[in-house]
Structure formats: structure tokens, C-alpha cells
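Student: Model the structure of this input:
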Amino acid sequence: MPLLLGEQAALTLKPQLGLPFRENAVLQREMPVPVWGATLPGAKVTVIIDSQSKSTTADTEGKWRLKLDPMRVVKLKSVNDSLPGKVMTITCEKNGESATVELSNLIVGDVWICAGQSNMAGGMRKPVHSKNYPADSIPKANYPSLRHYSAKDDKWLVCTPETAVGISRVGFYFIRRVQQDALVPMGVIVTAVGGSNIESWLNQDPYPEGGNYIKLLKPHVGYAIKGAVWYQGESNQEDKRAYHPKLKSLIEGWRKAWGQGDFPLHFVQLPGLREPVTDNPAGGDGRAEIRQAYADTLALPDTGMAVTIDIGTKGEHPPNKYDTGVRLARSVLQKVYNVDVTACPLYVGHKIQGDAIRVSFTDDAKKGLMIARKADPATLPDTFLAPKPMPDAKIDWLAIQAKDGSWHWADGKIEGAELVVSAKEVNEPIAVRYAYTGQPYGTLIYNKDGMPVGPFTTCGYDVRRQE
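Tutor: Down below sits the predicted model:
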């Protein structure tokens with residue numbers, strides 16, 4: 001059973017509730033909802049909400065747990081729609097005495113976990129920097145059916161211009177966009193720690209149970225959720241492709257702990273860092289291979305990825321979290337909510353055609369690809385504005401491998417949803433790499449909706465061939 005807040009305190013008949021059962025909470029829709037807590041050993045516990053009444057008996061340690069039947073969601077007319085709150089009553093009875101706790105203003109919707117390190121943890125700020133975020137982000141944040149759980153305050157907070165500043169920036173733009181398109185109440189639980197490595201979040205063999213998992217995530221395990229999003233890897237970038245088995249373990253371990261099957265888990269592929277390396281067509285420097293580890297992880301069911309290679313900066317904390325959140329949301333909306341939006345196009349295959357190689361992508365490219373630049377060449381791309389189409393520009397960071405194994409910078413030609421790559425020096429090409437470098441800043445490939453194509457290498461990292 002998950003840990004309880006204050007479980008070292010002496011047990012009383014009055015119900016003590018596990019995390020995050022508090023007022024203003026969002027309860028996951030359309031699936032059984034576990035509720036748990038503590039009272040005196042042997043006490044009868046009854047939970048009532050709407051027309052439901054469920055009872056159980058506390059065990060010899062005073063712990064209790066029961067499940068509510070699935071509850072239906074009321075769709076929103078808009079993100080500003082306010083729904084009447086529900087009341088959950090928890091009563092404990094023993095030896096003719098009883099004690100009751102009421103949780104008010106509960107709503108039924110979707111709950112998302114947002115986990116990772118500092119780029120996930122960083123909160124909204126007031127005033128908003130208009131270069132990095134839409135200026136009206138905070139002033140317009142009156143979303144009565146969007147709530148976030150604040151671990152610091154041990155409260156669920158209704159989203160207002162005053163409370164929005166406490167939400168993770170990535171989490172805010174992610175959940176706001178998901179709610180905008182899905183039109184259901186949303187709850188977000190942020191568990192992120194600056195500088196934390198992935199090992200601290202793992203929970204299954206062959207890795208020991210990590211400290212952040214025990215302290216920050218385990219108390220929430222079992223709380224019914226829709227899914228999770230993950231933004232971490234900066235502290236593990238030297239793992240390169242060895243990050244893959246760790247991320248795989250995290251996803252599988254969390255799913256096993258929750259017992260909800262393969263709930264959706266989408267992640268952020270790391271952005272660029274430091275200065276570009278322009279003298280190495282083979283690439284593989286910096287974060288290239290850890291990015292490939294994320295791409296390899298997409299072989300797991302119910303996963304998705306947001307590409308952020310175009311919004312990195314010289315420092316570790318790119319200020320543009322707007323695009324990161326929105327791209328995560330588009331991935332989730334497409335794959336989880338079946339909304340007709342495109343996510344970031346990813347490599348799926350290639351064909352060698354004489355002295356050129358034709359590369360194909362996921363259906364996110366089906367409307368066509370374009371050459372574009374995220375920001376002015378004189379600056380790093382820290383703006384949230386849409387990429388500017390540059391149809392006559394040369395695509396940066398394209399390389400092609402000759403039969404003798406040498407790599408050469410290459411030219412790329414977009415043909416609808418495909419990319420044709422060649423180089424004058426190469427008559428018999430065998431492989432292509434794109435943006436396979438630590439800081440692939442420049443003129444890049446996007447789909448028509450402005451979603452960047454993910455970096456790729458066609459040699460040695462084709463997940464489908466490895467299966």
C-alpha cells in the first residue's frame with residue numbers, strides 16, 4: 001500500500017488519507033478509483049461519493065484501501081467552464097464511535113503525472129517573459145476545471161492567475177493544451193527534482209529502488225491516473241545509448257507498480273546544449289546518442305516523444321518551455337485522445353536509389369515537409385514563435401555515408417512527405433544522418449504544422465531491424 005502523509009503519527013479513529021486525496025482533487029474518470037488511508041485497526045471505513053457507498057475494514061496496522069466504481073466525466077464547453085464540485089465523505093466506526101472527514105469540490109477528469117529533473121520542475125513566472133511565452137499566459141489562467149497538486153502546500157489548487165505561477169512551466173503548457181482540445185477536467189501532479197538522475201526514479205531490478213521514487217512518487221502510486229510525461233536525461237547524458245534500458249525500466253516499473261496496465265508515458269527528447277560542432281559530418285557528439293536512446297524506447301507500447309532539438313540554448317535550461325509543453329501535448333492528443341493533430345515526424349525507413357537515399361517518416365509528415373528556421377541565425381532559438389519557412393535554404397546537419405565508411409555533408413531535397421539525400425562526393429551511399437549532433441541549431445526540417453523532424457541515423461539504430 002502506498003505510503004501515507006504523516007504515517008509516523010499516532011493512529012486515531014479520524015480518517016487519515018493517503019496522497020493526494022485532498023479538497024479540490026481531480027479523480028480519474030472511467031476507471032476504478034482506489035482510495036486509501038489509515039485509522040484505528042479493525043475500524044469499519046465507509047466512503048461515499050454521489051450515489052456510491054463502499055466499505056472495508058482497517059487491517060491490524062490501521063491501513064485500509066477500497067475501490068470506487070468508475071465515474072463518468074462531464075465534458076467542458078470551454079477551458080473556462082466551471083463544473084459543480086462533488087463531496088467525498090469518509091467515515092470510520094469502531095466500538096460505537098465514529099469520525100468523519102469530508103473532501104469538497106472534487107471533479108472527475110484526467111490526471112497526469114509530470115516527472116523529471118529541473119527542466120520539468122521549473123515553475124511559471126510572473127510577469128511572463130514575452131519572448132519565451134505568450135504574454136497572456138498568466139493573466140488568462142482562469143481554468144476552474146484544471147487543478148494541480150502542490151506537494152509544498154499538500155493541496156490541490158484550482159488554476160487561477162494567482163496559483164498558476166506555482167505550476168511547472170512544461171506541465172502548465174502541456175496540460176492546458178491537452179484540456180483545450182480534449183475538453184475534460186484535468187489534474188496534474190508534478191514530481192520533479194533539479195539535478196536528479198534517472199536511477200533515483202527507478203523501482204525495479206536490476207536497479208535498486210531510487211530515493212526520489214521512494215520519497216516523491218511512491219506516495220502517489222495507485223492514485224488512478226490517465227498517464228505520465230517525463231523530461232529528464234540531462235544528468236544522464238553521458239550514458240548515451242545506455243540510457244535506453246534505464247528509461248525502459250522506469251516505464252515498465254512504474255506501470256507494474258500502478259497496476260493499470262500500459263498507461264501512456266510520453267517523454268521529451270533532450271534539446272541542444274553548448275555550441276554547434278560543424279566539422280564532424282559523422283556526428284554522434286554531445287547528446288546525439290542519448291536522443292537515439294529515447295527514439296529506441298518508442299518500441300514500447302503506448303509511448304510518445306516530443307522533439308526539442310530546435311529550442312536548445314548554450315545553457316542547460318532553455319527558457320522556451322512553451323514549445324516543449326505543446327509538443328508533448330500534441331503527442332498525447334494524437335495517440336491517447338485520438339485528436340486529429342500532428343506530432344513531431346520521426347524516421348521510419350529509407351531506400352537507396354542510385355546515388356541518393358530516400359527517407360520516409362511517420363504520418364506526421366503526410367501533409368508535407370518544409371525547410372524552416374526557428375529563430376534569427378544571429379541568436380539561439382529561445383523564442384516560442386513558429387518556425388519561419390525558408391524553401392530555398394540548404395538543410396543543415398544532413399550527412400551521407402559512402403561505401404568506404406566515410407561521412408560527408410549532404411544536400412537534401414523535400415519531395416512531399418519524404419526527404420531525398422545526396423552528395424556530389426558520394427556515388428554509392430549506404431546511410432544518412434540528420435541532426436545527429438549535440439547542438440543541431442540552424443535551418444531544419446519541419447512538417448507543415450511547424451513540428452520539427454526528429455534527429456535520426458539510418459545505420460545501426462533502426463529499431464524495427466533490432467526486434
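Student: Please enumerate the helices of the stretch 351-467 of the chain.
Tutor: 463-466 (DSSP state H, counting those that start in this stretch).
Student: Pull up the gap between R291 and G438, please.
Tutor: Taking C-beta to C-beta, to the nearest Å as the measure, R291 falls 9 Å from G438. The way it works is simple: take the backbone N, C-alpha and C, and place the C-beta from them, glycine included.
Student: and the strand ranked longest in the chain, which residues are buried?
Tutor: Among all segments of the chain classified by DSSP state E, the strand with the greatest residue count is strand 97-116. Applying a neighbour-count criterion of 16 or more other C-beta atoms under 10 Å, one finds 99, 103, 105-116 buried in strand 97-116.
Student: Serialize the residues you listed to CSV and add fields for distance to I214 and pLDDT.
Tutor: What follows is those, written out as CSV (distance: C-beta to C-beta, whole Å; pLDDT from 0 to 100):
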residue, distance to I214, pLDDT
A99, 30, 98
L103, 26, 98
N105, 31, 98
L106, 28, 98
I107, 30, 98
V108, 30, 98
G109, 28, 98
D110, 26, 98
V111, 21, 98
W112, 21, 98
I113, 16, 98
C114, 19, 98
A115, 14, 98
G116, 17, 98
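Student: R291 and G438: which is more packed in?
Tutor: Counted by other C-beta atoms under 10 Å, R291 and G438 do not tie: R291 has more neighbours, with 31 against 24.
Student: Which element, helix or strand, includes that one?
Tutor: For R291, the element it lies in under DSSP states H and E is helix 288-297.
Student: okay, the angle between the helix or strand where R147 lies and strand 97-116?
Tutor: For R147, the enclosing helix or strand under DSSP H and E is strand 143-150. Note on geometry: by axes from the mean of the first three to the mean of the last three C-alpha atoms, to 10 degrees, strand 143-150 and strand 97-116 are set 90 degrees apart in direction.
Student: same for strand 143-150, what does it pack against?
Tutor: When contacts are defined as 3 or more C-beta pairs under 8 Å, 6 or more residues apart in numbering; DSSP states H and E, strand 143-150 packs onto strand 97-116, strand 155-159, helix 169-182, strand 186-192.
Student: To W258, which of these lies closest?
Tutor: Ranking the helices and strands packed on strand 143-150 by their distance to W258 (criterion: C-beta to C-beta) puts strand 97-116 first, at 9.5 Å.
Student: so what strands line up beside that closest one?
Tutor: strand 26-28 (parallel), strand 86-94 (antiparallel), strand 186-192 (parallel), strand 227-231 (parallel) (DSSP bridges).
Student: hmm, back to that, let me know which of the helices and strands packed on strand 143-150 is the nearest to P452.
Tutor: When the helices and strands packed on strand 143-150 are compared by C-beta to C-beta, helix 169-182 sits nearest P452, at 16.5 Å.
Student: helices or strands next to that closest one in the packing?
Tutor: Identification of packing neighbours for helix 169-182 by 3+ C-beta pairs under 8 Å, 6+ apart yields strand 97-116, helix 118-121, strand 143-150, strand 186-192, strand 227-231, helix 322-335.
Student: who's the nearest residue to A393 once chain neighbours are set aside bridged to?
Tutor: In space, and not counting its chain neighbours, A393 is closest to T443: 4.6 Å by C-beta to C-beta, 6 or more residues apart in numbering. Note on T443: beta-bridge partners R373, judged by DSSP bridges.
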